[in-house]
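Kindly generate the corresponding structure for this input.
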Amino acid sequence: LVYDVTGLLPHVNPGVMTANDLARLRTVSVSAGLMLESSAERLSERGGPHHGCPDKLPERRLESIRQAGKQRVPFTSGILVGIGETRLERVASILALRALHARYGHLQEIIVQNFAPKAGTAMARAPAPTLEEFQWSIAAARLLFPPEVSIQAPPNLNSDALEQLLAAGINDWGGVSPLTPDHVNPELPWPQLARLRQATEAAGKELVPRLPIYPRYLADPERWLAPEMRAPVLAHCDGSGYVREGGWIAGIDVSTQVPNLGQPKPPWARPATGNGQQADPLVDLLDRAQDGETLSEAQISLLFSARGREVEMVIGAADQLRQAVNGDVVSYVVNRNINYTNICSFSCRFCAFSNRTRKSSPSDPPYQLDLPEISRRTEEAWHRGATEICLQGGIHPAYTGETYLEICRAVKSAHSDIHVHAFSPLEVWHGATTLGLPLKTFLLRLKEAGLDSLPGTAAEILDDRIRTVICADKINTNQWLEVMRTAHSIGLRSTATIMFGHIDGPTHWARHLSHVRTLQIETGGFTEFVPLPFVHMESPIYRQGGARPGASYREALLMHAVARLVLHPHIKNIQTSWVKMGPTGAKACLAAGANDIGGTLMNESITRAAGATSGQELSPAALENLIRQAGRTPQQRATLYTAPPSAAVEPSYAATTREVSSNPTVAATATPAS
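Numbers count the residues shown, from 1 in each chain. Here you go, the predicted model:
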């Protein structure tokens, strides 16, 4: 009921629970809690604070906590300080909880709570523990528990000592509500978030909102979440497992939903050291990236984990590097997308374009283009100033390598000077396999037929742990890299892409960038890197509850910025997709390391099939206006970042209204027309 009505994720704390209670609650909640308070049985004796409270008996509480571990429930417990227990008894309580965690691994956090005397209770006149005693208890918990267990102290009970609690070892403030009181201590209001942020930042830390389930547990949802609760949690989290902040979503350009992350400031210059002063590790990392050093996957992950002011630092460093490498020019290409069929024999779970992975509708039926229509669209594009035709489509079950050769010839027959940028590594692999040819031989035939370069799509995430979930029957990481390596070896250049924001996170992004960088050092064949945030709205994996609703705005900006830093100096061009980011987001990316805004895109259909509102052609004038709004200088280019043919530039600005291109409906099993 709580989730259905409010969308809030339930954390339950109903008291002592049986195994059956926990099993039932697990299906409607994401975490649970029960304070141990103390393992000292003498506190339940006559005259003790727990006398007459059978639910406070240590063995009953420890059994509930043990059952939670058996049921794989992410759990909160803790101790109460100052109710008559000794330090030794406090340590014994901590060790009892630690033993349960060592066995089951389910304790997300330990609350160390100080006793607060309350009027009208039997202990109204009992003394509260001193701050020093409370700090000692926090420190003991921190030292005795492993690092993955958070230590929490209630800020409303210690509003004048927040800095001291941080110094003692806490790393979590617990649940802080601007709407509801602490029902146990309603006379002690929650501190304002601004006060918590001030204290946290003064201690050199960042205040980050989290979910009731911690990132470590969210990383293994099959173990720690009931199937009923996985989709609700994914809807609320980012790639690191924290709260997905802001209302921005990829593919929707609503400027009011774009969070203000602040203006980039340049604090990343080499810091002066000496007199025992230590340099900021992030500043050092940014400095090394700007110098072209090869960062490790762990270091790249650290950049992706930036929050708050650190985001400004990473973005600012990337923008500074872009200025040094590319100046203020922002390039774009006048091109046309021809997606020749949406019929596909593969079952990529993220794909909303393929007719196989979602139900047909009267407005979006299965289709395929014949060769004369491909030629006609090419001719039309050339007369409208296009210098590039980008060709991609589904893997039609009847397509062979000969189909792709015929498509190249059809484009070149329409206009021999137009650049054919075509076929993902998946299509190349499929074509070579169907003809029984080595990759190199098939790529040479494609090149002879008119292929000029390859799009770097079908990369998704170059980590097979992710690929086995989102595109299990697609080529794997090594096969994608093999196609690109082979293409580069015969003089075919390509782009490189990443499709992120679904079930992936910083470690996967770091591995992806490392693969791209390593191959680029080897071949030098990538012209640009293109981040493509996942557009979730019509994606099957999202609609089935198996993915997040795309990258957050912070993550999308960081992907451009980190790519600029990590791929330097090997890839000089970072492209932002106005289709995925929306015009407002694309302008922000131009201040986060990007120097290219892609193409004008006559007939983009793949992203729109996923639910995007952007995607249909932006004219050169519109793109240039967008670039100027970002304070940059627009410049038309050809696919390989050379000057476009002069004969094409003038028509691109004077293009007449494009003929509406309808796709011929066919049976999903039809053979390709020629």
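
Can you name the next helix or strand after the lowest-mean-pLDDT helix or strand in the chain?
Least confident helix or strand, the chain: helix 606-609 with a mean of 52, by mean pLDDT, DSSP states H and E. Downstream of helix 606-609, the next assigned helix or strand under DSSP states H and E is helix 620-629.

Need the residues that contact that next one.
Residues external to helix 620-629 that are found in contact with it (CB atoms under 8 Å, 6 or more residues apart in numbering): 330, 332, 334, 385, 578, 583, 586-587, 590, 597, 600, 618, 633-634, 636, 652-653. C-betas here are computed from N, CA, C, even on glycine.

Going through these, which ones are buried?
By neighbour count, with 16 or more other CB atoms under 10 Å, the contacts of helix 620-629 hold 330, 332, 334, 385, 578, 583, 586-587, 590, 597, 600, 618, 634, 636, 652 as buried.

mind listing which of those are in helices?
578, 583, 586-587, 652 (DSSP state H).

Just the buried residues of stretch 127-140, please?
129, 134-140.

and what of stretch 153-171?
153-159, 161-162, 164-166, 168-170.

what pLDDT, on average, does stretch 571-582 get?
For stretch 571-582, mean pLDDT is 97.

what do you get for stretch 86-100?
Stretch 86-100 carries an average pLDDT of 98.

Let's see that stretch as CSV, backbone CA atoms only.
Written as CSV, here are the backbone C-alpha positions of stretch 86-100 (Å, rounded to 0.1, in the frame of the first residue of the first chain):
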residue,chain,number,x,y,z
THR,A,86,29.1,-0.9,30.9
ARG,A,87,31.6,-0.3,28.1
LEU,A,88,32.4,-4.0,28.2
GLU,A,89,28.8,-4.8,27.7
ARG,A,90,28.6,-2.4,24.8
VAL,A,91,31.5,-4.1,23.1
ALA,A,92,29.8,-7.5,23.8
SER,A,93,26.7,-6.2,22.0
ILE,A,94,28.7,-5.0,19.0
LEU,A,95,30.5,-8.4,18.8
ALA,A,96,27.2,-10.3,18.9
LEU,A,97,25.9,-8.3,16.0
ARG,A,98,29.2,-8.6,14.2
ALA,A,99,29.1,-12.4,14.5
LEU,A,100,25.7,-12.5,12.8
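
Pull out the buried residues from it.
So for stretch 86-100, counting by 16+ other CB under 10 Å, buried means 89-94, 96-98, 100.

Sitting in helices, which of these do you find?
Judged by DSSP H, the subset of the buried residues of stretch 86-100 located in helices is 89-94, 96-98, 100.

picking up where we left off before, just the ones in helices from the buried residues of stretch 127-140, please.
Members of the buried residues of stretch 127-140 lying in helices (criterion: DSSP H): 134-140.

Can you show me the helices along the stretch 151-300 of the chain?
Here the stretch 151-300 of the chain has its helices, by DSSP state H, counting those that start in this stretch, at 162-168, 193-202, 215-218, 221-224, 227-236, 281-290, 297-304.

Packing partners of the fifth one?
Spelled out, that is helix 227-236. On a contact count with 3 or more CB pairs under 8 Å, 6 or more residues apart in numbering; DSSP states H and E, helix 227-236 meets helix 221-224.

and for the helix it packs on, what are the contacting residues?
Here helix 221-224 has contacts from 72-74, 106, 213, 217-218, 230, 233-234, using CB under 8 Å, 6+ apart.

And the strands in the protein?
Here the chain has its strands, by DSSP state E, at 11-12, 31-33, 75-81, 107-114, 150-152, 329-333, 335-339, 388-392, 419-422, 453-454, 493-500, 526-533, 596-599, 633-637.

ok now the second one, how far from the chain's centre?
Relative to the chain's own centre, strand 31-33 is displaced by 26 Å; criterion: CA atoms, centre = their mean, to the nearest Å.

what is the rounded mean pLDDT of that strand?
Mean predicted confidence for strand 31-33 is 98.

now swap in the first one and tell me
When pLDDT is averaged along strand 11-12, the result is 96.

now for that strand, which elements pack on it?
Here strand 11-12 touches strand 31-33, going by 3+ CB pairs under 8 Å, 6+ apart.

Sort out which residues of the strand it packs on are buried, please.
Quick answer for strand 31-33 (16+ other CB under 10 Å): 31-33.

How about stretch 75-87?
75-85.

Could you identify the pair within those that is furthest apart?
The most widely separated members of the buried residues of stretch 75-87 are F75 and G84, with 25.9 Å between them, by CB to CB.

picking that back up, will you turn the ones in helices among the buried residues of stretch 127-140 into TSV that also has distance to T400 and pLDDT?
Output for those, formatted as TSV (distance: CB to CB, whole Å; pLDDT from 0 to 100):
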residue	distance to T400	pLDDT
F134	73	98
Q135	72	98
W136	74	99
S137	71	98
I138	68	99
A139	69	99
A140	70	99
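
contact partners of stretch 79-93?
For stretch 79-93, using CB under 8 Å, 6+ apart, the contacting residues are 35-40, 43, 48-49, 94, 97, 110-115, 123, 126-129, 133-134, 136-137, 140-141, 144.

change it to 7 Å
The contact list for stretch 79-93 (CB atoms under 7 Å, 6 or more residues apart in numbering) reads 35-40, 43, 48-49, 94, 112-115, 128-129, 133-134, 137, 140.

First-to-last residue distance for that stretch?
End-to-end span of stretch 79-93 (CA to CA, to the nearest Å): 7 Å.

Could you do stretch 215-235 as well?
So stretch 215-235: terminal residues 14 Å apart, CA to CA.

and what of stretch 76-96?
14 Å.

now swap in stretch 71-85 and tell me
From its first residue to its last, stretch 71-85 covers 31 Å (CA to CA).

And that stretch, how far out from the chain middle?
Counting by CA atoms, centre = their mean, stretch 71-85 is centred 33 Å from the centre of its parent chain.

among the ones in helices among the buried ones among the contacts of helix 620-629, which two are most distant?
Greatest spacing in those, by CB to CB: K587 and S652 (21.5 Å).

From the contacts of helix 221-224, list the buried ones, please.
Here, 16+ other CB under 10 Å leaves 72-74, 106, 213, 217-218, 230, 233-234 buried among the contacts of helix 221-224.

re the thing from before, which one of the helices of the stretch 151-300 of the chain lies nearest to W248?
Taking CB to CB, helix 227-236 is the member of the helices of the stretch 151-300 of the chain nearest to W248, at 14.6 Å.

How about the closest one, which residues are buried there?
For helix 227-236, by 16+ other CB under 10 Å, it's 229-236.

Report the mean confidence score over it.
Helix 227-236 carries an average pLDDT of 96.

Which residues does it contact?
Contacts of helix 227-236 (CB under 7 Å, 6+ apart): 3, 9, 27, 30, 211, 213, 218, 221, 225, 243-244, 545, 547-549.

quick check, nearest of the residues you listed to R309?
Nearest member of the contacts of helix 227-236 to R309, counting by CB to CB, is V243, at 18.2 Å.

The residue nearest to that closest one when sequence neighbours are not counted and R493, how far apart?
Setting aside the residues directly before and after it, V243 is nearest to P209 in space (CB to CB, 6 or more residues apart in numbering), at 4.1 Å. Distance check for P209 against R493: by CB to CB, to the nearest Å, it reads 43 Å.

Of those two, which one has the most company?
Per other CB atoms under 10 Å, whichever of P209 and R493 has more neighbours is R493, with 20 against 10.

wait, what's in contact with that one?
Taking CB under 7 Å, 6+ apart, one finds 453, 525, 527, 640 in contact with R493.

where's L454 relative to K412, distance?
Separation of L454 from K412 (CB to CB) stands at 16 Å.
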